[in-house]
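>>> No sequence on hand, only this structure:
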C-alpha cells in the first residue's frame, strides 16, 4: 500500500471497523493509513450445542444418501469433523467425503479440507458469493434430482437455497454454528455510541453478520433510528458483495467495495477514497444515501455511482453518448429456457413473491443478453392484493380477479394502500437485483398505470371491449375518479418504495389505455397519470409507456415523464416530434424478432435512423418479447444496436 498517499487520505478521520478474529491486524492497517481506528467485533462463532444434525449427516453420507457436499467456510469444515469424529469413524467419514462431489466456496474451506487430506472437486471463484456458487454448479455439476448437503452458519442463505432448489436439487442443510454477540460487548457498544454521536467518519464491515448484530445491539440499546440517521453521514465500506447485499437489505448505504474481498484491499480502497467521500457527504449536509437509489459507487473517478454515467441514464437526461442503450420489456421471460426451468417448479404468483428467484431470473437475463439496464422481474398486479382484490394467475387464462369492482357502490371495496409493507417482496427483489448486477447497470422499477390497474380491477381479467370499465367511467365520473385516485396514490407509494430500495429509474406501464380516444384520455386518465409522475421522488427518471393508440402520444407527454415510451404503431421520428423536448424509448415491433438476423438488423437500423443520432433515445421494443422468440435473435438485436450506434441518416 502506498503509505504516503493513503495516510494523506485517511489522516484525521476516525474509522470504525467491525472485525472479529483479526482485530489487531485491522487496527494496524488503519493506523498505517493515517486513520484513528476504533475496532470492535459484533459477532463470535458459537457451535451448536446439539451435534445430532452433523452426526445424522455423517450416517447419510456413509450410506450413500448425499450426492454433493457444499462447504461455505473453513470453520464449518473443522466444526463438522470435530462433531462427527466422536461418534463415527473419522477415516471412514473422510473417505466417503472424498467419494462424492465436494464444492468449496473460497480458500478457507479449501485449506481446511486439504488439512484433512480431502481434495475438493471444485472451488468457487472469487468473489465467492452465492452467485458464483450457482455458476460453478451450472458449469460443472448437474444437480437435478440430487441431494446437495450444504454446511450452514449463522443466518440461512435463502438466495443460495432457492437457487439450488430451482435447479431441481433436494437441499440438506447442516447447521454447525451460529453467530452471537462477542463475550465483551463494551467495544461494540462504544462504536455504536460514537456513530450515533457523529464521531465516526468511516465504517468498515468485514462480514454480513457484523451488520446484523450491530443493528441487533442497537435495537437493544434503543438507538436504532439514531444509528440509521447517523449512517447517512458516514462513509461505509463493505468487504464484498455478500456484505453489501446485507447492508442494502438493512437499508444502509454502501459507498466503497474493493475489487477483491480481502481485509487489506478493503482498508486500501477506503483509504484511497474516504476523504473525498466524507467531504462530499458533509457538503450535502449528510444527505441520505438511503433515500437515493442504493448502489455501490464507482471505484474510480468522482463520487457519482457507477450507474450515473451509464448510457441508459445519459439517454434519460438527453446527454450525448457514443452508445445507444438498449433494454427490452420481458427480457426475462418465457422465451428463455432458464426462465422456463424456474417457472416449471412454481406458480407465476409464487415466483413473483420469491425475491431470490426473481432476482436470479433477471440477473441471468442481463448477463446473457448484454443489455444496458435491468428491469425488476415482477408483475403489474400484485399491488392489487393488499388493496382487497382476490388475484389468481389461472393456468392458460392469465390473471383473474375473482371479486371485480363493477358498480359505483363497490368502489370502496378497493382499499387505500396506506403502506407498502405487504409488498416488501418486490422491494427485496429490487435490492437483490441491484446487488447482483454490475454497478454500471441501472435497475428499473415499475408499476401499472392507474388506468390499466383500474381496467383489471373492473373487468376481472383481459378484455377486448372494456365494456365494464367504460360503463363505470361514463356512468359515474365521481366514482371513477375516486377509484383512479386511490390507485394513483398506491402506485406513487409503490414506485417510491422501489426507488428507496435501489431502483435508479421507474417505468409506468399503461398497457391497456390504447382502447381510449384522445378526448377520453384527457378527461378520465391524464390527471391521474400526471399525479403519479409528479409524486415520484424528484430527480429519478420516469418512463411513461403506453401502447395501442398513437394519437395518445402527445397527451402522454402532457401527462409527464422524463422518457416517453412508444410502440411500433407510430414511427419513432413522428413520435419524437409529437412529444417535444423529452427522451424517447422504443419502438421495434416485438414480432420482428421472429425474422432472420438480416431482417432484425435492417429493422433496428431503421429505428436508429429515425432517431437521427439525437441524444435521448433508449432502444426498446414496442411491447414485451413474445414466448416464441429465439434467444439468439434477442442477442442479435442487442449486438446490432450496440454495433450500429447512433445513425444520423
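It's in. This is a predicted model, so every value here is computed, not measured.
>>> make it CA atoms for all contacts and neighbour counts henceforth
Noted.
>>> which intervals of this structure have sub-threshold pLDDT?
Low-confidence segments of the chain, defined by pLDDT under 70: 1-8, 154-156, 158-159, 283-303, 395-397, 649.
>>> Please go through it and pick out the longest strand.
strand 170-180 (DSSP state E).
>>> Check which residues of the next helix or strand after that strand are buried.
Next helix or strand after strand 170-180 toward the C-terminus (DSSP states H and E): helix 186-196. For helix 186-196, the neighbour count (16 or more other CA atoms under 10 Å) marks 188, 189, 191, 192, 193, 194, 195, 196 as buried.
>>> who touches the longest strand of the chain?
43-48, 51, 53-54, 57, 76, 79-80, 145-155, 161, 164-165, 209, 213 (CA atoms under 8 Å, 6 or more residues apart in numbering).
>>> Going by contacts, tell me the helices and strands next to the helix or strand harbouring residue 556.
Following DSSP H and E, one finds residue 556 within helix 553-559. Contact analysis of helix 553-559 by 3 or more CA pairs under 8 Å, 6 or more residues apart in numbering; DSSP states H and E lists helix 526-535, helix 572-579 as its packing neighbours.
>>> Pull out the buried members of the contacts of strand 170-180.
Taking 16+ other CA under 10 Å as the criterion, what is buried in these is 43-45, 47-48, 51, 53-54, 57, 76, 79-80, 146-153, 161, 164-165, 209, 213.
>>> need the strands for the stretch 1-150 of the chain, in chain order.
Remark: strands assigned in the stretch 1-150 of the chain by DSSP state E, counting those that start in this stretch are 14-18, 36-40, 44-47, 68-71, 101-105, 122-124, 147-153.
>>> Direction included, what does the fourth one pair up with?
Read that as strand 68-71. Neighbouring strands of strand 68-71 in its sheet, by DSSP bridges, are strand 101-105 (parallel), strand 147-153 (parallel).
>>> Can you list the neighbours in contact with the shortest one?
Outside strand 101-105, the residues that touch it by CA under 8 Å, 6+ apart are 67-73, 110, 120-125, 128-129, 133.
>>> Can you turn the buried part of those into a ChimeraX selection?
A single ChimeraX command selects the buried members of those (16+ other CA under 10 Å):
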select :67,68,69,70,71,72,73,110,120,121,122,123,124,128,129,133
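>>> my guess is residue 319 is in a strand, correct?
No - looking at residue 319 with DSSP: H, G, I helix; E, B strand; the rest coil, it is coil, so not inside a strand.
>>> if I pick it, what's in contact with it?
Residues in contact with residue 319 (CA under 8 Å, 6+ apart) are 615, 616.
>>> what are the phi and psi values for it?
Main-chain dihedrals, residue 319, degrees, to the nearest 10: phi -100, psi 150.
>>> what's the answer for residue 444, then?
Backbone torsions of residue 444, given as degrees, to the nearest 10, read phi -110, psi 120.
>>> if I read this right, it contacts residue 501, doesn't it?
No - using CA atoms under 8 Å, residue 444 is not in contact with residue 501, being 11.2 Å away.
>>> Tell me which of those two has more neighbours.
Each of residue 444 and residue 501 has its neighbours counted (other CA atoms under 10 Å); residue 501 has more, 29 against 24.
>>> how close does that one sit to residue 257?
The gap separating residue 501 from residue 257 is 19 Å, by CA to CA, to the nearest Å.
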